[in-house]
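**Q** I need the structure of the sequence given here:
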Amino acid sequence: MFFPFMSPTFGILGLIFPLMMFFLIFRILRGIFRSSHRNIESRMRGLSFPEPDPEFSTITRYPAIQPPTSEGEIFRLADEMKGRLTLSDIVIATNLSLKEAERVIDSMVDGTHVTMEVKDNGRVVYEFPEIIARYENQGPDA
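**A** Have a look, this model is predicted:
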């Protein structure tokens, strides 16, 4: 036999002794691995990481950077739309937000090259007189 204490002469000790040895080895190994785990945790706790700002997690501090919409883009869009644009047309074509699109087009309104007209139904239309004149001069074929 490999383990002499398991012979019938040892009786109940032959059964309990191997179980006790297994339990002790298990506890020793568990203690070794647990202590190394605790050391890692204590080392990590010792490091000072800055606490996240609670305000930062709910809002962004910097607005998303969008490529600036050039006046040329809006003039090209006006040319496609034959000289009359609405704010919705600008938002769809440029992917700007409604407020950004309104800010850009309002900065372009000068009364000569770009005008703003409020229709009877309340709809705001931005007109580009030079482009409208070009399409009117071309006649109905355009």
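
**Q** Number of residues surrounding the closest residue to V118 other than its chain neighbours?
**A** Nearest non-adjacent residue to V118, counting by Cβ to Cβ, 6 or more residues apart in numbering: V124, 5.6 Å away. To be clear about C-beta, it is placed using only N, CA and C from the backbone, and glycine gets the same treatment. Neighbouring residues of V124 were enumerated by other Cβ atoms under 10 Å; the total is 13.

**Q** residues contacting V124?
**A** Neighbour list for V124: T86, L87, M116, E117, V118 [criterion: Cβ atoms under 8 Å, 6 or more residues apart in numbering].

**Q** Test my guess that the second one contacts I105.
**A** The reference is to L87. Yes. Assessed by Cβ atoms under 8 Å, L87 is found in contact with I105 at 6.9 Å.

**Q** coming back round to it: how close does the residue nearest to V118 sit to R84?
**A** 11 Å (Cβ to Cβ, to the nearest Å).

**Q** Which of L87 and I105 has more residues huddled nearby?
**A** Using other Cβ under 10 Å as the criterion, L87 and I105 rank with I105 on top: 23 against 18.

**Q** And that one, which helix or strand is it part of?
**A** Here I105 sits within helix 98-108, counting by DSSP states H and E.

**Q** next one: G122
**A** Per DSSP H and E, there is no helix or strand for G122.

**Q** ok, G72 to R27 distance?
**A** From G72 to R27 the distance is 78 Å (Cβ to Cβ).

**Q** if I pick I74, what's in contact with it?
**A** Taking Cβ under 8 Å, 6+ apart, one finds L85, I90, T94, V104, I105, M108 in contact with I74.

**Q** Give me the PyMOL select line for those residues, limited to the buried ones.
**A** The buried residues among the contacts of I74 can be selected in PyMOL (16 or more other Cβ atoms under 10 Å) with this line:
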select buried, resi 85+90+94+104+105
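
**Q** ok, which pair from the contacts of I74 is furthest apart?
**A** T94 and M108 (12.7 Å; Cβ to Cβ).

**Q** Assign the nearest residue to E130 once chain neighbours are set aside to helix, strand or coil.
**A** Once flanking residues are discounted, E130 sits nearest to H113: 6.5 Å by Cβ to Cβ, 6+ apart. Judged by DSSP: H, G, I helix; E, B strand; the rest coil, the three-state class of H113 is coil.
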